[in-house]
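In: Provided below for reference: sequence and predicted model.
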Amino acid sequence: MDTILRNPQLDADGDLHHLLSIEELPREIIERILATADGFIGVGTREVKSVPLLRGRSVFNLFFENSTRTRTTFEIAAKRLSADVYNLNIAASSTSKGESLLDTIDNLTAMQADIFVVRHSQGGAPYLIARHLAPHVHVVNAGDGRHAHPTQALLDLYTIRHYKGRFEDLNVAIVGDVLHSRVARSDIHGLLSMGVRELRVVGPLTLLPTGLEGLGVQVHTRLEDGIRDADVIIMLRLQNERMRGALLPSAQEYFRNYGLTPHTLRHARPDCIVMHPGPMNRGIEIDSAVADGPHSVILPQVSFGIAVRMAVLSMVVSSQRKAS
Amino acid sequence: MDTILRNPQLDADGDLHHLLSIEELPREIIERILATADGFIGVGTREVKSVPLLRGRSVFNLFFENSTRTRTTFEIAAKRLSADVYNLNIAASSTSKGESLLDTIDNLTAMQADIFVVRHSQGGAPYLIARHLAPHVHVVNAGDGRHAHPTQALLDLYTIRHYKGRFEDLNVAIVGDVLHSRVARSDIHGLLSMGVRELRVVGPLTLLPTGLEGLGVQVHTRLEDGIRDADVIIMLRLQNERMRGALLPSAQEYFRNYGLTPHTLRHARPDCIVMHPGPMNRGIEIDSAVADGPHSVILPQVSFGIAVRMAVLSMVVSSQRKAS
Amino acid sequence: MDTILRNPQLDADGDLHHLLSIEELPREIIERILATADGFIGVGTREVKSVPLLRGRSVFNLFFENSTRTRTTFEIAAKRLSADVYNLNIAASSTSKGESLLDTIDNLTAMQADIFVVRHSQGGAPYLIARHLAPHVHVVNAGDGRHAHPTQALLDLYTIRHYKGRFEDLNVAIVGDVLHSRVARSDIHGLLSMGVRELRVVGPLTLLPTGLEGLGVQVHTRLEDGIRDADVIIMLRLQNERMRGALLPSAQEYFRNYGLTPHTLRHARPDCIVMHPGPMNRGIEIDSAVADGPHSVILPQVSFGIAVRMAVLSMVVSSQRKAS
């Protein structure tokens, strides 16, 4: 196969080699990740919460952008697979001494890293790393700029499949600051891949990207219209900087128009589920009565996230094992 | 048993479920913790310093207030019990993104935490967490505001019992900034529970709380009087902010009046022991000749602290095991 | 043997007890470290990258000066030996509360530390600690002020021996800011111990120490002269503060005179190797065409560094085992 045209996320056999983005990830691979995660769901509730799949492997958490939550979920996932985990606080390290990103990667590879879990404020950084790595080393994107957050999208898909079954029957609404959200971008690609019946984005025009209609996505500026008969509602976090910025009048007005409350939730289907990637702004994008209410699956998302990350880490290493 | 009236630290069988405070902890539970710690004393001096009691369990060190020393002792205790330990630097995490304390706890619980070790600048935070937790998850207070520091008090009790035996025969003096010290508060409750013969607090009036006499505690403002015939002297750390504050004239004058020196120590019993929770201010609350002298048991306190924390962690999980 | 005259790095049998400096380390011990490292080279490339030599032992990384890279290499080395590793962020800890260095050490020793890996901005700090420690605890210097960085020198010696064999046949040049470099100091002592044919230091006079000629080291201020017929070139990192300081006109002029390029490299032997302790300033002390070129062994240095640190950690603990 031509290595120039080949999907950089897959190896020559079409197996998952890096996880960079949901975009361009074949539906079959997504389904394999979800099925693999199924097998890991039980591990977290056992008394001994580990399996030896990555024993002796080295997973480096490279967080150029701080995120205790996501870093911790990857650390847990890697430890449950019995890997050695190294957390690198990059802000305080060599990059501040002027070392380039790829020199840092080369050095850690020379320390026999097996997997890099990378979060970076610049979109595309994990691709740059993937192109640079030797064939036996892997990169998993833990969020790059506004570009992608593929493990969040995968755990969202896992959650939807868990509660709702077949994607083809579902109306899904993504509500909030879609424009600046890497979660939204990755969710949109994943939900389109899985063939949901209707996919809608909902928010003020200033926070919605253009060109979505061409992908078959419906655009709504009224919350009630956007979530009407929805089976799944994915609420997005409103970044603090937006609340004070020129794009929005105020957090209070945002909540009045786009905050999900028990009242507005009545427009959705009676058995709809409500999701949120966290951390939530209660009283801004979501009312506490909804966040803690019977439709909310926000905390199960977190648990499923561990299993999904275990699936991704173990699958890329299987690709390694085969290569070597 | 009525769950409203029930002690939140104990389960329905009266076993230790959370450790929140020494206050309201039955003497029998304190003695069980000390006896359990006895069994762990040897572990630290063996060549292989671990036992498998918490294998596969997840202990989250949630330090909302920085303390490398206490955090490290809990990390060591948990690792010696073979637990997986996750250190969360909360200042740099979701709370700075505006997430509430209980949302953080819910998220980590969804990642299958078994025990939270919590330090927080606000008194009562561990109680808030304990009330919120699912029954199979536990919280251990590692210091909350000026309220309590129960594992420090337990290791102090362990140390006293180790060197002095029966509490009923002992005169114990706590010297220094009792007013602002959570260690002093917890020590006072613990020592009263264990029934020491005489308990005295010693310091300038501006640094002593009121109302202690009602508990049977003697109050002294002259060091020589306070430590006269003492079997045990617990020195408290003088916080830097006090030295510069309105409550004290100067660090020099404090040392002249309340610093423990070989000279003043002669007022205590010849076989008395001197304790300090650390970190010490040499030359301010304690003279180096005392800190490093034959009466000092300050470093054994640290070693005993590991065993006591192992006891607490293993006992709350036993309560879990029974519950499930 | 007289304990005052005895080398503090060796125990009574002449075995490695602490690693403080390459200076005064007998050649025979250096060779034993390199030979021991040979046995660990394979561990990093196995699927399971660990051996049980330090199982249950506690290694404390005490970094009073931040260095993610060196701290991570020691963490990897200790974990591959199955030790429990504790990373202490000292800047944010007790020393900021005014505790003395030796009180911190005493406390951690009371937590049953086996080895301290210490980086400190003050030269001599590891010696101070070594003199203070109980006989069953060990210190490894991970860089102290401008004084020494012995594990870097050992991995440099390992690298040279790996690629070049006998030291007695080699011309070695150390290029750059020799004056302020603890790496250069330790390399000079190590290379002299191993008996290289010619050892040269190369740089502007303002960045070269005086008195080296007395040790048999050649001093050069022209790069071409200094690296002529060199078998090994060790490039030093130019600290940012030098570039802006009074000692150098500018980074550009430094590169023009002392930057290693494919052009200047022609003065060295055709099979010479180029080394750098990292992190590199590309375009300042080294051209990318050299850093990434066929003479560069900069990344193998990193891999060898893990094995060398495993050798040091396991050897000092063998000395412990014998003592107890």
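Out: Right, received. Where do you want to start? Residues are numbered from 1 along each chain as shown, chains lettered A, B, ... in the order given.
In: Which residues of the stretch 1-150 of chain A lie near chain C?
Out: For the stretch 1-150 of chain A, the residues in contact with chain C (Cβ under 8 Å from any Cβ of the partner chain) are A:55-58, A:84, A:86, A:88-90, A:92-94, A:97-100, A:103-104, A:106-112. All C-beta spots, glycine's among them, are computed from the backbone N, C-alpha and C.
In: For the helix ranked longest in chain A, which residues meet the burial criterion?
Out: Identified as the longest helix of chain A according to DSSP state H is helix A:298-323. In terms of neighbour count (16 or more other Cβ atoms under 10 Å in any protein chain shown), helix A:298-323 has its buried residues at A:298-320.
In: Give me the mean pLDDT for that helix.
Out: Helix A:298-323 shows a mean pLDDT of 90.
In: again with stretch A:82-92
Out: For stretch A:82-92, the mean pLDDT works out to 83.
In: Could I get the CA-only coordinates of that stretch as PDB?
Out: Output of stretch A:82-92 as PDB, limited to C-alpha atoms (Å, rounded to 0.1, in the frame of the first residue of the first chain):
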ATOM      1  CA  SER A  82      -0.400  -2.900  34.000                       C
ATOM      2  CA  ALA A  83       1.700  -0.400  32.100                       C
ATOM      3  CA  ASP A  84       4.400   1.800  33.600                       C
ATOM      4  CA  VAL A  85       3.100   5.400  33.400                       C
ATOM      5  CA  TYR A  86       5.200   8.500  33.400                       C
ATOM      6  CA  ASN A  87       3.500  11.900  33.700                       C
ATOM      7  CA  LEU A  88       5.500  14.700  32.200                       C
ATOM      8  CA  ASN A  89       4.700  18.300  33.200                       C
ATOM      9  CA  ILE A  90       5.900  19.800  30.000                       C
ATOM     10  CA  ALA A  91       5.300  23.400  30.900                       C
ATOM     11  CA  ALA A  92       8.000  23.100  33.600                       C
END
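In: how much space between A:Leu81 and A:Met111?
Out: A:Leu81 sits at a distance of 19 Å from A:Met111 (criterion: Cβ to Cβ, to the nearest Å).
In: And A:Ala12, by the same measure?
Out: Distance of A:Ala12 to A:Met111, given as Cβ to Cβ: 27 Å.
In: Looking at the two, which one has more neighbours?
Out: Neighbours of A:Ala12 and A:Met111, each counted by other Cβ atoms under 10 Å in any protein chain shown, are more numerous for A:Met111; the result is 21 against 13.
In: what kind of secondary structure is the nearest residue to that one once chain neighbours are set aside in?
Out: Once flanking residues are discounted, A:Met111 sits nearest to C:Ile76: 5.6 Å by Cβ to Cβ, 6 or more residues apart in numbering or on different chains. For C:Ile76, the assignment made with DSSP: H, G, I helix; E, B strand; the rest coil gives helix.
In: Run a quick neighbour tally on C:Ile76.
Out: When neighbours are counted by other Cβ under 10 Å, C:Ile76 registers 25.
In: Pull the residues that contact the least confident helix or strand in chain A by mean pLDDT.
Out: Counting by mean pLDDT, DSSP states H and E, the weakest-scoring helix or strand in chain A turns out to be helix A:240-243, with a mean of 74. Applying Cβ atoms under 8 Å, 6 or more residues apart in numbering or on different chains, the contact partners of helix A:240-243 are A:177, A:180, A:207, A:248, A:250-251, A:254, A:284, B:97-98.
In: Only C-alpha atoms, please: export it in PDB.
Out: Only the C-alpha atoms of helix A:240-243 are listed here, as PDB (Å, rounded to 0.1, in the frame of the first residue of the first chain):
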ATOM      1  CA  ASN A 240     -15.000  31.200  30.700                       C
ATOM      2  CA  GLU A 241     -13.400  33.400  28.100                       C
ATOM      3  CA  ARG A 242     -16.500  33.300  25.900                       C
ATOM      4  CA  MET A 243     -18.700  34.500  28.700                       C
END
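In: and that helix, which residues are buried?
Out: Under the neighbour-count criterion of 16+ other Cβ under 10 Å, helix A:240-243 has A:242-243 buried.
In: just checking, next helix/strand downstream of it?
Out: helix A:251-258 (DSSP states H and E).
In: what residues does the stretch 1-150 of chain A put near chain B?
Out: Residues of the stretch 1-150 of chain A found near chain B (Cβ under 8 Å from any Cβ) are A:44-50, A:66-69, A:72-73, A:75-76, A:79.
In: how does chain A divide into domains?
Out: A:27-148+A:303-323, A:150-301 (automatic domain parsing).
In: Comparing those domains, which yields the minimum mean pLDDT?
Out: Lowest mean pLDDT within these: domain A:27-148+A:303-323, at a mean of 89.
In: so how far is that domain off the chain centroid?
Out: Domain A:27-148+A:303-323 sits 13 Å away from the centroid of its parent chain (Cα atoms, centre = their mean, to the nearest Å).
In: same check, this time on stretch A:178-191
Out: Centroid separation for stretch A:178-191 versus its chain: 9 Å, with Cα atoms, centre = their mean.
In: Derive a ChimeraX selection command for the buried subset of the residues of the stretch 1-150 of chain A next to chain C.
Out: Here is the ChimeraX selection string for the buried members of these, based on 16+ other Cβ under 10 Å:
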select /A:56,57,58,84,86,88,89,90,93,94,97,99,103,104,106,107,108,109,110,111,112
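In: Filter the residues of the stretch 1-150 of chain A next to chain C down to the ones in helices?
Out: A:103-104, A:106-110.
In: got JSON lines for the residues you listed, with distance to A:Thr261 too?
Out: Output for those, formatted as JSON lines (distance: Cβ to Cβ, whole Å):
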{"residue": "A:Asp103", "distance to A:Thr261": "51"}
{"residue": "A:Thr104", "distance to A:Thr261": "46"}
{"residue": "A:Asp106", "distance to A:Thr261": "51"}
{"residue": "A:Asn107", "distance to A:Thr261": "51"}
{"residue": "A:Leu108", "distance to A:Thr261": "47"}
{"residue": "A:Thr109", "distance to A:Thr261": "50"}
{"residue": "A:Ala110", "distance to A:Thr261": "54"}
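In: Chain C: which of those is nearest?
Out: Distance to chain C, by Cβ to the nearest Cβ, is smallest for A:Ala110 among those, at 3.6 Å.
In: Relative to C:Pro300, how far out is the closest one?
Out: A:Ala110 sits 7 Å away from C:Pro300, taking Cβ to Cβ as the criterion.
In: Same check on A:Gln122?
Out: Counting by Cβ to Cβ, the separation of A:Gln122 from C:Pro300 is 30 Å.
In: What strand or helix carries the most centrally placed residue in chain A?
Out: Centroid-nearest residue in chain A: A:Gln152, 1.8 Å away (criterion: Cα atoms, centre = their mean). If you go by DSSP H and E, A:Gln152 is part of helix A:150-164.
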